[in-house]
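Undergrad: Show me how the following folds:
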Amino acid sequence: MPMLPTRRTSMEAIQESLRIEYARFCESFGRKASYYEILQLKTEIGLPLRGYFPILLQEYVKGGGGVVHLPEKFMFVHLPFVLEGLISVLYYDNQILDKKFGVVDHKTIRHNLIRRNGLYDEIIKYVRNEVEDGNLSSALVKLLKDIHWMACKGQDWEFEYNHYDSWQSLKPLDIDTYFEHSQNQIDLNAVKKARQIVEATHFIPEGKSQFLDAYFARIYLLNASLFAKTADFMLRYSDLDLKAKESLTHFAGLFGIMLQIVNDTCDFVPEYVGQETITKNCCDALSDLRNKNITLPIALHLIILEESLVKAFLESSLGDKDYLGDHVYAEELAESHAIYYSMRVGKELEKYALSLLVSDNPAYDLIKDMTSVARNNRYYRHFYSLKQHYKQYQKTTKF
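TA: Modelled structure (predicted):
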């Protein structure tokens, strides 16, 4: 499903602006353009979703008759650039932690650590140098530091609660109390809504709902916080009432969770399909399973099948020596319908998130176009092409 021409045109214009700004950024810090290769590629090849998101929210506010009182250069250059810069920092981390893009040895890990630390520091310096309003500059630095802090907490949360040993042991978890000690930076309603949608989609055994809370909490911290905190930040400068601001911020968090569910589902597209991104090679397929991270499709598969090849691999102590191949596990998740249930959760979450918006707002169709990745994307085509499994899923599901 191609994106709306108006959205593509807007994102391409932002990309061009970011490309120019990245050249200025590198020149000001004496860097070659290739030094921060992830950010370079994001400004040259990938369409800037994080950079586009606040601009689209501003259009939605304007469509409802409101105003965001922020300078034009700040909204269209400074804010998009630092958001794309910060997500690049987090991608360097992700490549190390998940052993992606060939980052598996001392040399490549050292490379990523140097790049991520340098980029994070220089983004902060960039804000202080380029944003002339001192109060606005300080507020933006705080936003970046808050998102970075939450992402680090999310990485910690993943190691503590989202691995297979946690799935087996069901570590006691009082999610409400935990986040009271995490500076209340998370939208618990978004986390619980995501879990409720899973429970409405497929039977979840007693005790496993707690694991799902931990999974969605980790997603919120590590992924959704960038969207939610950015929305909260810019809406502080708008003339919307409190209820409207809270609703849009809630939408932003749900959108971030939805994106990660899609990402975790797409992780099961086998290497032979040949799908790559700026930060992920096709040989990184099934990295969650390889690292024994329990994501939504894996959790559903473990619930559906008491014994499986996936479970046998997760319980193996030999690691990749016992790995049977991407296509074997991907096929098993399609046959159990876990992949299709996971896709359904993303679609239902999108539907709920969109219900929080005003559908006759002129920007609504652009937002719906942005969220359509939950319904169709280039990775999902592979799952839809497995017609035997998909048709059987359609026969057995109530949706």
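Undergrad: Could you give the average pLDDT over the helix or strand hosting Val82?
TA: Secondary structure from DSSP states H and E places Val82 in helix 79-97. Averaged across helix 79-97, pLDDT comes to 96.
Undergrad: Report the buried residues of the helix or strand following it.
TA: Sequence-wise, the next helix or strand downstream of helix 79-97 (DSSP H and E) is helix 106-130. Buried residues in helix 106-130, counted by 16 or more other C-beta atoms under 10 Å: 111-112, 115-116, 118-120, 122-124, 126-127, 130. Any C-beta I mention is one placed from the backbone N, CA and C, and that applies to glycine too.
Undergrad: Stretch 387-399 too?
TA: Result for stretch 387-399 [16+ other C-beta under 10 Å]: buried residues His389, Tyr390, Tyr393.
Undergrad: Could you pick out the longest helix of the chain?
TA: Longest helix of the chain, by residue count under DSSP state H: helix 134-161.
Undergrad: tell me which strands and helices that helix is in contact with?
TA: Contact partners of helix 134-161 among helices and strands, from 3 or more C-beta pairs under 8 Å, 6 or more residues apart in numbering; DSSP states H and E: helix 79-97, helix 106-130, helix 208-219, helix 225-235.
Undergrad: Poorly predicted segments of the stretch 51-200 of the chain, please.
TA: 170-184 (pLDDT under 70).
Undergrad: what's the helix or strand where Tyr341 lies in contact with?
TA: Assigned by DSSP H and E, Tyr341 belongs to helix 338-355. With C-beta atoms under 8 Å, 6 or more residues apart in numbering as the test, helix 338-355 has contacts from 193-194, 197-198, 200-202, 251, 254-255, 257-258, 261-262, 264-265, 268, 296-298, 300-301, 304, 330, 333-334, 367-368, 371-372, 374-375, 380, 383, 389-390, 393, 397, 399.
Undergrad: Which ChimeraX command selects the buried ones in those residues?
TA: Buried residues among those (16+ other C-beta under 10 Å), as a ChimeraX selection:
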select :193,194,197,198,201,202,251,254,255,257,258,261,262,264,265,268,296,297,298,300,301,304,330,333,334,367,368,371,372,374,380,383,389,390,393
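Undergrad: Quick check on His163: phi, psi?
TA: phi -100, psi 170 (degrees, to the nearest 10).
Undergrad: Tell me, how many residues neighbour it?
TA: Neighbour count of His163, defined by other C-beta atoms under 10 Å: 16.
Undergrad: From Ala244, how far off is it?
TA: In this structure, His163 and Ala244 are 39 Å apart, going by C-beta to C-beta, to the nearest Å.
Undergrad: Now do the same for Tyr323: its pLDDT.
TA: 87.
Undergrad: ok now do it, which residues does it touch?
TA: Contacts here follow C-beta under 8 Å, 6+ apart; on that basis Tyr323 touches Arg290, Phe313.
Undergrad: Leu140 too?
TA: Leu140 makes contacts with His78, Leu79, Val82, Val127, Val131, Phe233, as judged by C-beta under 8 Å, 6+ apart.
Undergrad: The residue nearest to the third one when sequence neighbours are not counted: what's it in contact with?
TA: Taking C-beta to C-beta, 6 or more residues apart in numbering as the measure, Val82 lies nearest to Ile123, with 5.4 Å between them; neighbours along the chain are not counted. By C-beta under 8 Å, 6+ apart, the residues touching Ile123 are Val82, Gly85, Leu86, Val89, Leu144.
Undergrad: Tell me how far Ile123 lies from Ala252.
TA: Distance of Ile123 to Ala252, given as C-beta to C-beta: 21 Å.
Undergrad: Gln196 too?
TA: With C-beta to C-beta as the criterion, Gln196 and Ala252 are 19 Å apart.
Undergrad: more crowded one of these two?
TA: Between Gln196 and Ala252, counting by other C-beta under 10 Å, Ala252 is the more crowded of the two (26 against 14).
Undergrad: Read off the pLDDT value for the more buried one.
TA: With respect to pLDDT, Ala252 has a value of 98.
Undergrad: Could you verify my assumption that it touches Ser225?
TA: No - Ala252 lies out of contact with Ser225 (C-beta atoms under 8 Å); the separation is 9.6 Å.
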